[in-house]
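Participant: Give me a 3D structure for the following:
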Amino acid sequence: MVERITPPQLTEILKAASDPTRRAILTLLAQDGPTRVTEIATRFEMSLNAVSKHIKVLEHAGLVSRRTFWREHLIEVNLEPLGEIDRWFRDLRSIWELRLEALDSLLTKDEKND
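Facilitator: The predicted structure is shown next:
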């Protein structure tokens, strides 16, 4: 059974994915595979320290993981938590579809009574 992510975890995922730089880092990692922090930093016009802070936010949300070999830190993407966002949107969509169907039934019923 797949364990569902709790609302606070979903909030952390959404917050992490809301920043354009962090989304770019996720895209980079998804395309290139595990990448050294220093290599990631060369792709952005910001300091290594700033990129490291973005990576820590992504780590906290579970969107990336870090493997350390001596002084080298490899960052690897984990897109599985993003599936929870999709499930959340799907749930919202189904609620709205039910509401729209109820409204359509009500309107159709009123048209037939006129």
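Participant: Against which helices or strands is the helix ranked longest in the chain packed?
Facilitator: Across the chain, the longest stretch assigned as helix under DSSP state H is helix 82-113. Under the contact criterion of 3 or more CB pairs under 8 Å, 6 or more residues apart in numbering; DSSP states H and E, helix 82-113 touches helix 7-17. All C-beta atoms are positioned from the backbone trio N, CA, C, and that covers glycine.
Participant: Centroid-nearest residue for the protein?
Facilitator: Closest to where the C-alpha atoms of the chain average out (CA atoms, centre = their mean) is residue 82, at 4.1 Å.
Participant: wait, isn't that residue in contact with residue 63?
Facilitator: Yes: using CB atoms under 8 Å, residue 82 is in contact with residue 63, at 7.3 Å.
Participant: shared neighbours of these two, anything?
Facilitator: Contact criterion CB atoms under 8 Å, 6 or more residues apart in numbering; residues shared by residue 82 and residue 63: 13, 17.
Participant: Verify the stated contact: residue 65 with residue 59.
Facilitator: Yes: Residue 65 is within contact range of residue 59, at 6.9 Å (criterion: CB under 8 Å).
Participant: burial of residue 53, as a residue count?
Facilitator: The number of residues packed near residue 53 is 14, by other CB atoms under 10 Å.
Participant: Provide a list of residues in contact with residue 46.
Facilitator: Contacts of residue 46 by CB under 8 Å, 6+ apart are residue 21.
Participant: That one and residue 52: what is the separation?
Facilitator: 10 Å (CB to CB, to the nearest Å).
Participant: How about residue 86?
Facilitator: In terms of CB to CB, residue 86 sits 29 Å off from residue 52.
Participant: Which of the two has more residues huddled nearby?
Facilitator: residue 52 (15 against 9).
Participant: Am I right that that one is in a helix?
Facilitator: Yes: counting by DSSP: H, G, I helix; E, B strand; the rest coil, residue 52 is located in a helix.
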